[in-house]
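Asker: Okay, here's the prediction I keep looking at, along with the sequence it came from:
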Amino acid sequence: MHKSLLRALTAILSCTPAVALAQPKADYPSRPIRIVVPGSAGSANDFTARAIAQRFTEAWGQQMVIDNRSGAGGVIAHEIAAKANADGYTLIFSTSAGLVINPLLFKVPYDSFRDLAPVSMGSINPQMLFAHPSVQANNVPELIALAKQKPGQLNCASAGTGTPNHLGCELLKSMAGINFVHVPYKGATPGFTDVVAGQMHFMFNSIPAVLPMVKTGKLKALGVGGPKRSPAAPTVPAIAETLPGFECVNWYAMLAPAGTPAAIISKINGEMVKMIADPPFAQRLLDMGSEPLSSTPAGLADHMRKESDRWARVIKSAGIKIER
């Protein structure tokens, strides 16, 4: 009996160092944390990432440093995060495009589901469907009716083939059963400019970019792509009110390199859930045009999978192909 107990105790003690090494340090974080952002300074996800980083810094007393990596449509940023040490000191504040859309359109050097560990959702930015004032439609039902009267005669601008606003055009086309011409531009700004000038009929774009022009009457808002009306434009109907299930939003989320200890993931998640539930912080995001939204790591993983499946169907139906 004594020998059995001694052997068991020896076995436990011999495992202790390995177990300790597998656990995150109790003082995490003990040095600055890098947040890779797949976008330039001043972009929508950059603004949100900086607001989140500031709150982390205030709460933990360690600097969170934003590392903007805007090249190759976000591919560079995701590859950096995927290959970083899984120690909690490199995170990525990613986008729906980088996580689920780009991998469906062309070959990327990372697997969002294998190489990155979900932490939490951060915010969503519903896209707004807007038109030039000359378009004889003031809402989505009227636009659908107009498109059916003039099949193939209306045009929808986008920031380029395969971009989120292009996919919004294709989703509208398929769900409404209408036909119009997609016109890709090299970026959102030139497409937006041509809608303002009346060269293009309508377009999807982020609410903060569109709303000032709507308020001055240079554009008219037809609908928003979120599942419900946006607090930033509460009088504008959600497109889902006409086409149930329609959703065209950019969403942003925090992830870490795969293999990051669960305790670190949990700690970061807990802090994000706390800050996003804080009314002043939530209002700050709303003022920037983002709708605050947190989740569990498992909830984010599930959302990513559903979004990948949904956009895969849209891409296949529209026959979109991009080679890089």
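Answerer: Sure thing, it's come through. Residues are numbered from 1 along each chain as shown.

Asker: in what helix or strand does the nearest residue to Glu291 once chain neighbours are set aside lie?
Answerer: Leaving aside its sequence neighbours, Glu291 sits nearest to Ile124 (C-beta to C-beta, 6 or more residues apart in numbering; 5.0 Å). The way it works is simple: take the backbone N, C-alpha and C, and place the C-beta from them, glycine included. Using DSSP states H and E, Ile124 sits in strand 116-131.

Asker: and if you look at Glu170?
Answerer: helix 164-176.

Asker: got a list of contacts for the helix or strand following that helix?
Answerer: Sequence order places strand 181-184 as the next helix or strand after helix 164-176, per DSSP H and E. If you take C-beta atoms under 8 Å, 6 or more residues apart in numbering as the criterion, strand 181-184 is touched by 152, 154-161, 163, 166, 169-170, 191, 200.

Asker: Could I get the pLDDT score of Cys15?
Answerer: With respect to pLDDT, Cys15 has a value of 43.

Asker: start at 39 instead
Answerer: Yes, from this point I'll number from 39; that puts the last item at Cys53.

Asker: which stretches of this structure form strands?
Answerer: 71-75, 102-106, 128-133, 154-169, 193-196, 219-222, 240-244, 258-262, 287-295, 329-330 (DSSP state E).

Asker: which helices and strands does the helix or strand following the third one pack with?
Answerer: Okay, so that is strand 128-133. Going down the chain from strand 128-133, the next helix or strand is helix 134, by DSSP H and E. Packing partners of helix 134 (3 or more C-beta pairs under 8 Å, 6 or more residues apart in numbering; DSSP states H and E): strand 287-295.

Asker: quick one on the thing from earlier: I'd like the strands of the chain written out as TSV, with mean pLDDT and distance to Ala122 added.
Answerer: Below are these laid out as TSV (pLDDT from 0 to 100; distance: least, C-beta to C-beta, whole Å):
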stretch	mean pLDDT	distance to Ala122
strand 71-75	97	8
strand 102-106	95	10
strand 128-133	96	4
strand 154-169	96	10
strand 193-196	95	32
strand 219-222	94	33
strand 240-244	93	29
strand 258-262	97	36
strand 287-295	96	5
strand 329-330	92	26
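
Asker: do you know which of these lies nearest Glu96?
Answerer: Across those, Glu96 has its closest neighbour in strand 102-106 (9.9 Å, C-beta to C-beta).

Asker: Partner strands of the closest one, with direction?
Answerer: Within its sheet, strand 102-106 is paired with strand 71-75 (parallel), according to DSSP bridges.

Asker: Can I get the strand it pairs with as CSV, trimmed to CA atoms?
Answerer: Once non-C-alpha atoms are left out, strand 71-75 reads as follows in CSV (Å, rounded to 0.1, in the frame of the first residue of the first chain):
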residue,chain,number,x,y,z
ILE,A,71,0.8,43.1,-27.2
ARG,A,72,0.7,43.6,-31.0
ILE,A,73,-2.6,43.7,-32.8
VAL,A,74,-2.2,43.2,-36.5
VAL,A,75,-4.8,45.1,-38.5
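
Asker: quick check: angle from that strand to strand 287-295?
Answerer: Strand 71-75 and strand 287-295 meet at an angle of 140 degrees, taking axes from the mean of the first three to the mean of the last three C-alpha atoms, to 10 degrees as the criterion.

Asker: Strand 71-75: which residues count as buried?
Answerer: Of all the residues in strand 71-75, those buried under the rule 16 or more other C-beta atoms under 10 Å are 71-75.

Asker: In TSV: these, plus distance to Leu137.
Answerer: Listed next are the buried residues of strand 71-75 as TSV, based on distance: C-beta to C-beta, whole Å:
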residue	distance to Leu137
Ile71	20
Arg72	19
Ile73	15
Val74	13
Val75	13
